[in-house]
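**Q** here are the coordinates; sequence isn't available:
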Ligand code: GDP
């Protein structure tokens, strides 16, 4: 049945030309596709009003959709191309070329590399197919219109062999690009060896145009590197004139949560968040619980939220001080705490319940779930993870954890510059460093990339009349870089 639009039912405004194809019917089977853009355009803090998608991106996406329909696994072209793959014909003249995405690691990592793969498909006129495992199958609606599918068929011909190939390559890290046949290349872009560099060279890209099937396995957000490749740069500038909204546009277009996920998002939002004047998302990802127990994390979070950013009010000293009787005029803040752990939620909730806030604001603290530990192979667990990602992306202000791809997806979808909670592990040694830093742009960080000198990109090229600087070292991880 229909899922209600969160708190925006009466505030629907006309949309500008949309990334969502008009060929999608008003689909009850994927309510988020229509309802999320409507909610976003009516939300005052939403960034899509500031950075609309370029007309060129819209036209390239409409072209892509036609190509996808022509080449998808239901098409005759697909059948022909996959049969040719089986016979390993040397004289291929493929009418469709593919990039097949294979999942690896957590959901945040997956969404980042999937979005990067879609940008790659746009840049290279390929068709993006996904080899989802069971744990991914109930999360996202089909992204492309006209009943096209992006799912690689379960019985696809090279799948058995691919399994072996992946295993082999994983054991053999020094062989980044393993050649199965001229018709198929397996790209393992993990950032843990020097061979990734080959992929980011214009001459390699030229060679790859002759390979109809690319199978890509990566957990990285690798789009930023394309912006420093001369072969891709001009096209990227046309597609994304606003470099701070690349993932925002691609992620919002590609990912529409299924009704199962969206229903939970909408109900939670309506019940706990909709009425607040300010929605604050706090994502606490604890990578090493032994090194950073809650006793260390909690004061760290409070330093960030009450002192450094001032997002949350401090508490009054006296538990018994009277609260203002003019309760109607009090500001209502809702804090959504996304974490695998429960204690940050309970502690914050109790704090703001037991003592009055200094500015007398009413602070409600909420959590959808606390799963305890990461269980990437579990579909029900991934549904909860995606619910948290989307609820965070609907907040007005975000505090997310440094180095977390889960947090990156949430703030990039929101188009918000988050505050990054820094690692408190060596807090004693870094007593004078702030508990959190404000991001310069909402874009995600490319953590493990082949060496690139961001200084030369930003100063050398620009000084020499080259393209304007677009990448910077990440605020939360200095060895990574990102679009800004
Ligand atoms: P990263 O490890 O922080 O970069 O993010 P990933 O998404 O790649 O992997 C972490 C995984 O742990 C997520 O996909 C979820 O399965 C789980 N997880 C981490 N944080 C949360 C959270 O706040 N809420 C929920 N529901 N799951 C989480």
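**A** It's in. It should be emphasised that the depicted structure is a prediction, and the values quoted were computed from it without experimental measurement.
**Q** can you verify residue 281 is assigned to a strand?
**A** Yes: with DSSP: H, G, I helix; E, B strand; the rest coil as the criterion, residue 281 is assigned to a strand.
**Q** what lies in contact with stretch 368-388?
**A** 105-107, 133-139, 257, 260-261, 264-265, 268, 283, 336, 338-342, 345, 391, 406, 410 (CB atoms under 8 Å, 6 or more residues apart in numbering). Backbone N, C-alpha and C define where each C-beta goes, glycine included.
**Q** same for the ligand: which of these are within range?
**A** 105-107, 283, 338-340, 406 (CB under 6 Å from any ligand atom).
**Q** most neighbours among the residues you listed, which one is it?
**A** Counting neighbours by other CB atoms under 10 Å, residue 338 leads those with 29 neighbours.
**Q** pairing partners for the strand or helix carrying it, with directions?
**A** Residue 338 belongs to strand 332-339 when assigned by DSSP states H and E. Sheet pairing for strand 332-339, assigned by DSSP bridges, gives strand 278-284 (parallel), strand 362-366 (parallel).
**Q** got these as a markdown table, with mean pLDDT columns?
**A** Formatted as a markdown table, the strands paired with strand 332-339 follow (pLDDT from 0 to 100):
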| stretch | mean pLDDT |
| --- | --- |
| strand 278-284 | 98 |
| strand 362-366 | 97 |
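**Q** which of the ones you listed is buried the deepest?
**A** strand 278-284 (a mean of 24; mean count of other CB atoms under 10 Å).
**Q** mind checking which of the contacts of stretch 368-388 are in strands?
**A** Of these, the ones assigned to strands by DSSP state E are 283, 336, 338-339.
**Q** now the helices for the stretch 201-350 of the chain?
**A** 202-208, 223-226, 230-239, 246-254, 259-268, 294-302, 343-354 (DSSP state H, counting those that start in this stretch).
**Q** list the contacts of the last one.
**A** In this case it means helix 343-354. For helix 343-354, the external contacting residues (CB under 8 Å, 6+ apart) are 282, 284, 294, 297-298, 301, 315, 319, 335, 337, 339, 363-367, 370.
**Q** try 6 Å
**A** 284, 294, 298, 337, 363, 365, 367 (CB atoms under 6 Å, 6 or more residues apart in numbering).
**Q** could you dump the helices of the stretch 201-350 of the chain to TSV with mean pLDDT?
**A** Rendered in TSV, the data for those read as follows (pLDDT from 0 to 100):
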stretch	mean pLDDT
helix 202-208	93
helix 223-226	96
helix 230-239	96
helix 246-254	97
helix 259-268	98
helix 294-302	95
helix 343-354	97
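**Q** mind putting those helices into JSON lines with mean neighbour count?
**A** Formatted as JSON lines, the helices of the stretch 201-350 of the chain follow (neighbours: other CB atoms under 10 Å):
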{"stretch": "helix 202-208", "mean neighbour count": "13"}
{"stretch": "helix 223-226", "mean neighbour count": "24"}
{"stretch": "helix 230-239", "mean neighbour count": "16"}
{"stretch": "helix 246-254", "mean neighbour count": "24"}
{"stretch": "helix 259-268", "mean neighbour count": "21"}
{"stretch": "helix 294-302", "mean neighbour count": "17"}
{"stretch": "helix 343-354", "mean neighbour count": "17"}
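**Q** residue 51 is nearest to which of the ones you listed?
**A** Among the helices of the stretch 201-350 of the chain, helix 246-254 comes nearest to residue 51, with 7.0 Å by CB to CB.
**Q** can the closest one be found next to the ligand?
**A** No: using CB under 6 Å from any ligand atom, helix 246-254 never reaches the ligand; the gap is at least 13.6 Å.
**Q** tell me which residue in the stretch 151-300 of the chain sits closest to the ligand.
**A** Using CB to the nearest ligand atom, the closest approach of the stretch 151-300 of the chain to the ligand is made by residue 285 at 4.4 Å.
**Q** with the chain instead?
**A** Nearest residue of the chain to the ligand: residue 106, at 2.0 Å (CB to the nearest ligand atom).
**Q** which residues touch that residue?
**A** Shown in contact with residue 106 (CB under 6 Å, 6+ apart): residue 376.
**Q** near the ligand, which residues of the stretch 351-484 of the chain?
**A** Counting by CB under 6 Å from any ligand atom, the stretch 351-484 of the chain sits next to the ligand at 369, 371, 374, 376, 381-382, 384-385, 388, 404-406.
**Q** can you rerun that using 8 Å?
**A** Contact residues (CB under 8 Å from any ligand atom) of the stretch 351-484 of the chain with the ligand: 368-371, 373-376, 381-382, 384-385, 387-389, 401, 403-409.
**Q** do the stretch 1-150 of the chain as well
**A** Within the stretch 1-150 of the chain, the positions adjacent to the ligand are 105-111 by CB under 8 Å from any ligand atom.
**Q** over to the stretch 201-350 of the chain?
**A** When proximity is defined as CB under 8 Å from any ligand atom, the stretch 201-350 of the chain approaches the ligand at 219, 283-285, 287, 338-340.
**Q** ok, the residue nearest to residue 142 when sequence neighbours are not counted - how many residues close by?
**A** Among residues not flanking residue 142 along the chain, residue 149 sits closest, at 5.9 Å (CB to CB, 6 or more residues apart in numbering). Look at residue 149: counted by other CB under 10 Å, it has 18 neighbours.
**Q** quick one, grab the pLDDT at residue 149.
**A** pLDDT, residue 149: 98.
**Q** quick one, what contacts it?
**A** 72-73, 142.
**Q** closest to residue 205 among those residues?
**A** Minimum distance to residue 205 across the contacts of residue 149 is 24.0 Å, recorded for residue 72 (CB to CB).
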